[in-house]
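[1] A structural model of the following input is requested.
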Amino acid sequence: MDQYYPYYPYIGMERREVWQPIAFPPQHQSPPGFEYLMHPRPIFDYPGYVGSGKLLGKAAIITGGDSGFGRAVAAAFAKEGANLTISYLNEHRDAEETREYVENLGANCLLLPGDLKDPSTSKDAVKQTIKRYGRLDVVVNNAAVQPYTRDIMDVSDEQLDDTFRTNVYPLFYMTKAALPYLKWGSSIISTTSRVAYEGAPTVIDYATTKGAIVSFTRTMALSLVKQGIRVNAVAPGPSWTPLNVSTYPPDHVATLGTNNPMGRAAQPFEVAPAFVYLASNDSAYVTGQVLHVNGGLIRYS
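    Model prediction:
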């Protein structure tokens, strides 16, 4: 069992020991990556998380909600009573799996495929959310691409443009589309990364966009605070998601997260509660902040 670690969800009154892998088999996918093809599959939910109505009746848009952190956030939000709109590119099988799962948890779920580089995709997501649920309370900006690089000479003009248009521009598009409908107490949450703080020579343009997301978060928090709209971010560390499997070569995937203080990568379910906290009234006095869920990389916080 030295290649696994336990966690202990409570199921009813029973405390169960469940083992998860520390390291993963070498593997690689072409972008954008598909959760259903990963081995082993990521753990995006577990029975020990029991909702308490923190988001009851609220409506949330989650970009990149088909898989990875987005799927885990969708499951956690569903348990807390939210209705969901999931915006995704073309990972239809993953998206359908997510929809089926959260609907079984009692949530409504609207799937909207589309390219967020196009401003109309964000406008349509907001329009369809209002039409379906009559409100919008939470926006989770989570979709991203992460090209692998050896040095800056690898970053073509086309790649640079695509990375910024995918990772940064939609934050502006979605916020502008959502703002007329967000009310006092609403929340905007973006996914940044530990690489915004430590840098990462193998994902140069991605790391740069994640730094931009930190600045966006701090600036928009100041801009919207008088309207009672909170803007925060979550910075995960190395995690078992399709984004990483579709970025790194197999030998890197096989050691993902093993050099951080906890000695392993995160599973998506371990990151999702940070989004619940920032979406709910539990964080009513929190804005402009980044929560670091990174397995102990405190020097980057």
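[2] low-confidence stretches in the protein?
    The chain contains residues with pLDDT under 70 at 1-20, 299-301.
[3] most centrally placed residue in the protein?
    Phe69 (3.8 Å; C-alpha atoms, centre = their mean).
[4] OK, contacts around it?
    Neighbouring residues of Phe69 by C-beta atoms under 8 Å, 6 or more residues apart in numbering: Asn142, Thr191, Val234, Pro236, Ser239, Thr241, Pro268, Val271, Ala272, Phe275. Backbone N, C-alpha and C define where each C-beta goes, glycine included.
[5] what of Gln159?
    Gln159 makes contacts with Pro147, Asp205, as judged by C-beta under 8 Å, 6+ apart.
[6] looking at this, it is in a helix?
    Yes - secondary structure of Gln159 (DSSP: H, G, I helix; E, B strand; the rest coil): part of a helix.
[7] can you pull out the strands in the stretch 151-300 of the chain?
    With DSSP state E, counting those that start in this stretch as the criterion, the stretch 151-300 of the chain has strands at 187-191, 230-236, 290-293.
[8] now tabulate those strands in TSV and tack on mean neighbour count and distance to Arg264.
    Converted to TSV, the strands of the stretch 151-300 of the chain look like this (neighbours: other C-beta atoms under 10 Å; distance: least, C-beta to C-beta, whole Å):
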stretch	mean neighbour count	distance to Arg264
strand 187-191	27	20
strand 230-236	26	13
strand 290-293	20	13
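[9] turn those into a markdown table, columns for distance to Thr149.
    Output for these, formatted as a markdown table (distance: least, C-beta to C-beta, whole Å):
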| stretch | distance to Thr149 |
| --- | --- |
| strand 187-191 | 20 |
| strand 230-236 | 20 |
| strand 290-293 | 24 |
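[10] my guess is Ala265 contacts Pro236. True?
    No - with contact defined as C-beta atoms under 8 Å, Ala265 does not reach Pro236; the gap is 9.6 Å.
[11] who are the contact partners of Ile204?
    By C-beta under 8 Å, 6+ apart, Ile204 lies in contact with Thr149, Asp151, Ile152, Asp154, Val155.
[12] wait, Thr129 touches Ile62, no?
    No - contact criterion C-beta under 8 Å: Thr129 and Ile62 do not qualify, at 10.7 Å.
[13] please say which of those two ends up with more neighbours.
    The residue with more neighbours, out of Thr129 and Ile62, is Ile62; 29 against 26, by other C-beta atoms under 10 Å.
[14] name the SS class of that one, please.
    Recorded secondary structure, Ile62: strand (three-state DSSP).
[15] Val155 versus that one, what's the distance?
    Counting by C-beta to C-beta, to the nearest Å, the gap from Ile62 to Val155 is 28 Å.
[16] surely Thr163 and Thr149 touch.
    No - applying C-beta under 8 Å as the test, Thr163 and Thr149 come out as separate, 10.1 Å apart.
[17] what's the overlap in contacts for those two?
    Joint contacts of Thr163 and Thr149 (C-beta under 8 Å, 6+ apart) are Asp205.
[18] the two - which one has more neighbours?
    Neighbours per residue (other C-beta under 10 Å) separate Thr163 from Thr149, with Thr163 holding more: 22 against 19.
[19] quick one: residues contacting that one.
    Val145, Pro147, Asp205, Tyr206, Thr209.
[20] possible to save these as a markdown table with distance to Ser122?
    Output for the contacts of Thr163, formatted as a markdown table (distance: C-beta to C-beta, whole Å):
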| residue | distance to Ser122 |
| --- | --- |
| Val145 | 17 |
| Pro147 | 23 |
| Asp205 | 22 |
| Tyr206 | 21 |
| Thr209 | 17 |
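[21] quick check: the farthest pair among those?
    Farthest pair in these (C-beta to C-beta) is Pro147 and Thr209. Separation: 10.6 Å.
[22] between the two, which is the more surrounded one?
    Set Pro147 next to Thr209 and count neighbours by other C-beta under 10 Å: Thr209 wins out with 26 against 19.
[23] I'd like the distance between the more buried one and Gln146.
    The gap separating Thr209 from Gln146 is 9 Å, by C-beta to C-beta.
[24] what do you get for Glu100?
    Noted for Glu100: a distance of 27 Å to Gln146, by C-beta to C-beta.
[25] compare those two and say which one has the larger neighbour count.
    For Glu100 versus Gln146, neighbours defined as other C-beta under 10 Å are more numerous around Gln146 (27 against 10).
[26] check for me that the more buried one belongs to a strand.
    No - looking at Gln146 with three-state DSSP, it is coil, so not inside a strand.
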